[in-house]
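Q: Below: sequence and its predicted model.
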Amino acid sequence: MNLPNKLTTIRILLIPVILFLFFVPIFNQSLTFLGQAFTVNELVILLLFIIGSITDFLDGQIARRNNLITTFGKFMDPIADKLLVNTMFLLFAVDGRIHPIFFILMLFRDTFVDGIRMLAASKGEVITAGNLGKLKTVLQMIAIILISLKNIPFNSISIPMDQILVVAATTISLISGFQYIYNAKHLIFESM
């Protein structure tokens, strides 16, 4: 297994650890960071998410730069990204930190796009992530970090930047989903 694929695998393996720490508060001690109280569990989850986000950036860069692109990487990298991001948004919805409709809409879009990608693959076509899809992922990751940080530093000036980014990420997510549908309409509607 090459380095980019190992990084993708690490990202996937972080998810059960994040879930465990979310539901089993083994490090329940409270710390103050920038005037805001956090449990050690919350900070470890944030650190694990940041590590996962960094592996997302690095695996693609390393694979392209060193010509290490593999079928496993093409298949698992977008799945690992969606699993990590959607897990975090699901936990935030469960915890009441975001409205569940945002998670549902983003999950609906991701499921639809994955279906389109599978359909395209069955026809011998590859549909790669467009710029809007990449922007969506960046917005999601920044939103997750801000939500995890309880909107620091924007909470000090009463700007709900974490929620603004969730709305922006959801909007871009839906727009990019419609873009995927439009670009694959020849596959989706070919036998209607």
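A: Nice, thanks for sending it over. Numbers count the residues shown, from 1 in each chain.
Q: Could I get the full set of strands for this structure?
A: Assigned by DSSP state E, the chain shows strands spanning 30-33, 36-39.
Q: Could you list the paired strands of the first one along with their orientation?
A: For strand 30-33, sheet partners with direction are given as strand 36-39 (antiparallel), following DSSP bridges.
Q: before we move on, back to that, most tightly surrounded among the strands of the chain?
A: With neighbours taken as mean count of other C-beta atoms under 10 Å, these reach their highest mean count in strand 36-39, at a mean of 15. Heads up, the C-betas are built off the backbone N, CA and C, glycines and all.
Q: do you know which of the strands of the chain lies nearest L46?
A: Closest approach to L46 among the strands of the chain (C-beta to C-beta): strand 36-39, 8.3 Å.
Q: avg pLDDT for the closest one?
A: The pLDDT scores in strand 36-39 average 92.
Q: how near is the spatially closest residue to D110 that is not a sequence neighbour to H186?
A: In space, and not counting its chain neighbours, D110 is closest to K82: 5.1 Å by C-beta to C-beta, 6 or more residues apart in numbering. Using C-beta to C-beta, to the nearest Å, one gets 25 Å for the distance from K82 to H186.
Q: Which residue of these two possesses the greater neighbour count?
A: K82 (19 against 10; other C-beta atoms under 10 Å).
Q: What separation is there between that one and K136?
A: From K82 to K136 the distance is 11 Å (C-beta to C-beta).
Q: Pull the contacting residues for G133.
A: V113, S176, Y180 (C-beta atoms under 8 Å, 6 or more residues apart in numbering).
Q: Just the buried residues from those, in PyMOL please.
A: In PyMOL syntax, the buried subset of the contacts of G133 is picked out as below (16 or more other C-beta atoms under 10 Å):
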select buried, resi 113+176+180
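Q: List the ones among the contacts of G133 that fall in helices.
A: Counted as lying in helices by DSSP state H, out of the contacts of G133, are V113, S176, Y180.
Q: Do you know the pLDDT at the residue most central in space within the chain?
A: Residue closest to the average C-alpha location in the chain (C-alpha atoms, centre = their mean): V85, at 2.6 Å. Predicted confidence (pLDDT) for V85: 96.
Q: so who does it touch?
A: Applying C-beta under 8 Å, 6+ apart, the residues near V85 are M106, T137, Q140, M141, I144.
Q: what about the last one, neighbour count?
A: Residues near I144, counting by other C-beta under 10 Å, number 27.
Q: pretty sure it is in contact with T87, am I right?
A: No. In this structure, I144 is not within contact of T87 by C-beta atoms under 8 Å, at 9.8 Å.
Q: buried residues in the one helix or strand in the chain whose mean pLDDT sits lowest?
A: Every helix and strand of the chain was ranked by mean pLDDT, DSSP states H and E. The lowest is helix 185-188, at a mean of 83. Within helix 185-188, the residues scored as buried using 16+ other C-beta under 10 Å are I188.
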